[in-house]
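Asker: with the input below, show me the fold.
(one chain, ligands or ions: 2)
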Amino acid sequence: MADRFAIILAAGKGTRMKSPRPKVLHEIGGRTMLAWSVALAKDIGCKRSVVVVGPDMPALSEAAAKLVGAENVVVQHEQLGTANAVDAARGALASADGHAIVLYADTPLVPKEAGERAFGEIEKGASVCVLGFNATLPNRYGRLVTAADGSLSAIVEANDATEAQLAIPLANSGVMAAPVTLMFELLKEVKNDNAKGEFYLTDLVGLARGRKLKAAVALCEERDVQGVNSQVELAQVERVFQDGVRERMMTAGVTMPAPETVFFSHDTKVAAGVTIEPNVVFAGGVSVEGGAVIRAFSHLEGAKVGVGAFVGPYARLRPGAVIGKDAHIGNFVEVKNVTVGEGAKANHLSYLGDGEVGAGANIGAGTIFCNYDGFFKYRTVVGEGAFVGSNSSLVAPVTIGAGGYVGSGSVIVEDVAPDALAIARGRQAGKDGWAKAFRAEKSAAKKAGKKPDGAV
Ligand code: UD1
Ligand code: MG
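Answerer: Ligands and ions are numbered 1, 2, ... in the order given. This is a model prediction of the structure:
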């Protein structure tokens, strides 16, 4: 099979986003649109991806260089049209031998199968292949004019189309594949004598046909090639992404009574048999193993949830939270960079940051791992089977030995030996009858209209 290359167009200014951030650095499913295109190119086996950026886009160039290497970032100096944009990659691909696919960085959800189909047509002998779809509202798209044998005769831009051509529902997604050398050879012949005065990439079809070469269409779904030009469209594409993941998750055996309220990242991994209650957000880097239950209103990021664990309602798992098998993390509990052992429980109102909780340990309501002194962070270790009484502060670095017991309301600043008891709080004192005498004195004063000194 011929080597594969990708040319990713990202030179558009994205003015309609009205955002200081370059358009293609906005995210879908927690990953930039540019990174989606680069990921697609990798998924379909492209050896290299060249990203075409505009001039004076330092943040974009930097982000692109991180993804594909600085040598694969090229600048299109003036926005003279899509053909001119692809032509900017000529130098970078001078030695490339194989087939290339053109992707738009503002069209992030092109499925791997669609990219494969486009390359597949070139491998079967077509000279140009575009990804087409049946548009519900084709107005602004280029129309695909096909021949009786289903091959592609021409692409006509909406501005240049006749009434009859405008009636064609088959639209150009913009994704195009061709052999690298042929693509750059034909690009030299593209002219800008059209309604917009731009160099159209779509002209490659006519030029190929003029040489008696075959042009083909590969089909895809409209939702797969929805582009983003505004914040509203960004949210629409996000919805397409979320709906797709929700459906895939449910098909794979994840239970979600209100899937439309659950939000996933591009990399969320959820095993079959997991239940996700309503209003849960998965930020990047989360995996959940079988049988776990993620209860309502929880937020998870960079966390691993083990088999049969319970998380939430209202839990927050931050990066490095590793929740063991059958462990329970309850309401208003925040866990960051802590490994929670098998069957351990922290059911209410706690902050567990930097450390570990041994198997079977019980963390009482209101426990805080005091991990930060304003400059550095330290670890708290709670041993297996230990019991931390409610409303305790464990001032790190500190270790509660296995089976150790911390009395409620303690501020623990020293290690606690295994199986020992530590109580670190004021001793309780009691005075019989004090409250009754106090009330008698105060109510008498009030009746007599005598305010004590300092009362307001
Ligand atoms: C293009 C296609 C049209 C297709 C539509 C799908 C052409 C001539 N037309 O039209 O057939 O239906 O996409 O959305 O190709 N870009 C650059 N540099 C440029 C011009 C564009 O990088 O000089 C980038 C844009 O940022 C964008 C993409 O290329 O990501 C497409 O450009 P755009 O101007 O949106 O093309 P359309 O007119 O929508
Ligand atoms: Mg467009």
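
Asker: where along the stretch 1-150 of the chain do the helices fall?
Answerer: For the stretch 1-150 of the chain, applying DSSP state H, counting those that start in this stretch gives helices covering 33-43, 58-68, 82-87, 112-123.

Asker: let's test this: mean pLDDT of the shortest one, rounded?
Answerer: Read that as helix 82-87. Averaged over helix 82-87, pLDDT sits at 98.

Asker: what's the answer for the first one, then?
Answerer: Over the span of helix 33-43, the pLDDT mean works out to 98.

Asker: do it and ligand 1 meet?
Answerer: No: figure legend: helix 33-43 not in contact with ligand 1 (C-beta under 6 Å from any ligand atom); closest approach 9.6 Å. Yep, even glycine has a C-beta here, placed from its N, CA and C like the rest.

Asker: what's that helix packed up against?
Answerer: Using 3 or more C-beta pairs under 8 Å, 6 or more residues apart in numbering; DSSP states H and E as the contact test, the elements touching helix 33-43 are strand 3-10, strand 46-53, helix 58-68, strand 98-104, helix 112-123.

Asker: make CSV from those and add mean pLDDT and mean neighbour count to it.
Answerer: What follows is the helices and strands packed on helix 33-43, written out as CSV (pLDDT from 0 to 100; neighbours: other C-beta atoms under 10 Å):
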stretch, mean pLDDT, mean neighbour count
strand 3-10, 98, 25
strand 46-53, 98, 24
helix 58-68, 98, 18
strand 98-104, 98, 25
helix 112-123, 98, 20
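
Asker: interface residues of the protein facing ligand 1?
Answerer: With the criterion set to C-beta under 6 Å from any ligand atom, the chain comes near ligand 1 through 9, 11-12, 52, 76, 79-82, 84-85, 104, 106, 141-142, 155, 157, 171-174, 200-202, 227.

Asker: just the buried ones from those residues?
Answerer: Neighbour-count burial (16 or more other C-beta atoms under 10 Å) applied to those gives 9, 11-12, 52, 76, 81-82, 84-85, 104, 106, 141-142, 155, 157, 171-174, 200-202, 227.

Asker: gap between Gly29 and ligand 1?
Answerer: Distance of Gly29 to ligand 1, given as C-beta to the nearest ligand atom, to the nearest Å: 19 Å.

Asker: for that residue, which non-adjacent residue is spatially closest?
Answerer: Among residues not flanking Gly29 along the chain, His266 sits closest, at 3.9 Å (C-beta to C-beta, 6 or more residues apart in numbering).

Asker: please tell me I have it right and the one you found contacts Met33.
Answerer: No: contact criterion C-beta atoms under 8 Å: His266 and Met33 do not qualify, at 11.1 Å.

Asker: between the two, which one's more packed in?
Answerer: Comparing His266 with Met33 by other C-beta atoms under 10 Å, the one with more neighbours is Met33, at 25 against 16.

Asker: which residues are in contact with that one?
Answerer: When contacts are counted by C-beta atoms under 8 Å, 6 or more residues apart in numbering, Met33 is found next to Lys23, Val24, Leu25, His26, Glu27, Ala105, Asp106, Thr107, Pro108, Val228.

Asker: leaving aside the residues next to it on the chain, what's closest to the fourth one?
Answerer: Counting by C-beta to C-beta, 6+ apart, Leu234 is the residue found nearest to His26 once chain neighbours are left out, at 5.6 Å.

Asker: just confirm that neighbour is within a helix.
Answerer: Yes: assigned with DSSP: H, G, I helix; E, B strand; the rest coil, Leu234 falls within a helix.

Asker: counting neighbours, what do you get for it?
Answerer: Counted with other C-beta under 10 Å, Leu234 comes out at 20.

Asker: distance of it relative to Ala154?
Answerer: Distance of Leu234 to Ala154, computed by C-beta to C-beta, to the nearest Å: 32 Å.

Asker: cool, and Leu182?
Answerer: 17 Å.

Asker: go on, Leu421?
Answerer: 85 Å.

Asker: can you check Ser265 too?
Answerer: Counting by C-beta to C-beta - Ser265 and Ala154 are separated by 41 Å.

Asker: what about these two, which has more around it?
Answerer: Neighbour count, other C-beta under 10 Å: between Ser265 and Ala154, Ser265 has more, with 21 against 17.

Asker: so that one touches Val281, yeah?
Answerer: No: assessed by C-beta under 8 Å, Ser265 is found out of contact with Val281, at 9.1 Å.

Asker: one step back: my read is the residue nearest to Gly29 is in a helix, agree?
Answerer: No: checked against three-state DSSP, His266 lies outside a helix; its state is coil.

Asker: contacts only, for it.
Answerer: For His266, the contacting residues are Ile28, Gly29, Gly30, Arg31, Trp36, Phe241, Gly284, by C-beta under 8 Å, 6+ apart.

Asker: so who does the closest residue to Gln231 other than its chain neighbours touch?
Answerer: Of all residues not flanking Gln231 in the chain, Met17 sits nearest, at 6.3 Å (C-beta to C-beta, 6+ apart). By C-beta under 8 Å, 6+ apart, the contact list for Met17 reads Lys23, His26, Val228, Asn229, Ser230, Gln231, Leu234.

Asker: for Glu233, same thing?
Answerer: Applying C-beta under 8 Å, 6+ apart, the residues contacting Glu233 are Gln226, Gly227.

Asker: 10 Å instead, please
Answerer: Neighbouring residues of Glu233 by C-beta atoms under 10 Å, 6 or more residues apart in numbering: Arg16, Met17, Asp106, Gln226, Gly227.

Asker: what separates the fourth one from Asn391, distance-wise?
Answerer: Distance, Gln226 to Asn391, using C-beta to C-beta: 52 Å.

Asker: higher neighbour count, these two?
Answerer: Under the criterion of other C-beta under 10 Å, the comparison of Gln226 against Asn391 puts Gln226 first, with 20 against 17.

Asker: what touches both of Ser265 and Val281?
Answerer: Leu300, Glu301.

Asker: tell me, how many residues neighbour the closest residue in space to Pro169 that isn't next to it in sequence?
Answerer: Once flanking residues are discounted, Pro169 sits nearest to Asn134: 5.0 Å by C-beta to C-beta, 6+ apart. Using other C-beta under 10 Å, Asn134 has 14 other residues around it.

Asker: and if you look at the one 4 residues further on?
Answerer: Pro138 has 21 neighbouring residues, counting by other C-beta under 10 Å.

Asker: go ahead and confirm it touches Val156.
Answerer: No: assessed by C-beta atoms under 10 Å, Pro138 is found out of contact with Val156, at 11.3 Å.

Asker: give me the common contacts of those two.
Answerer: Leu144, Leu166, Ile168, Asn172.

Asker: now the third one, nearest residue through space, not along the chain?
Answerer: In other words, Ile168. Arg143 (4.3 Å).

Asker: ditto for the last one
Answerer: The shortest distance from Asn172 to any residue other than its chain neighbours is 3.8 Å, reached at Gly142 (C-beta to C-beta, 6+ apart).
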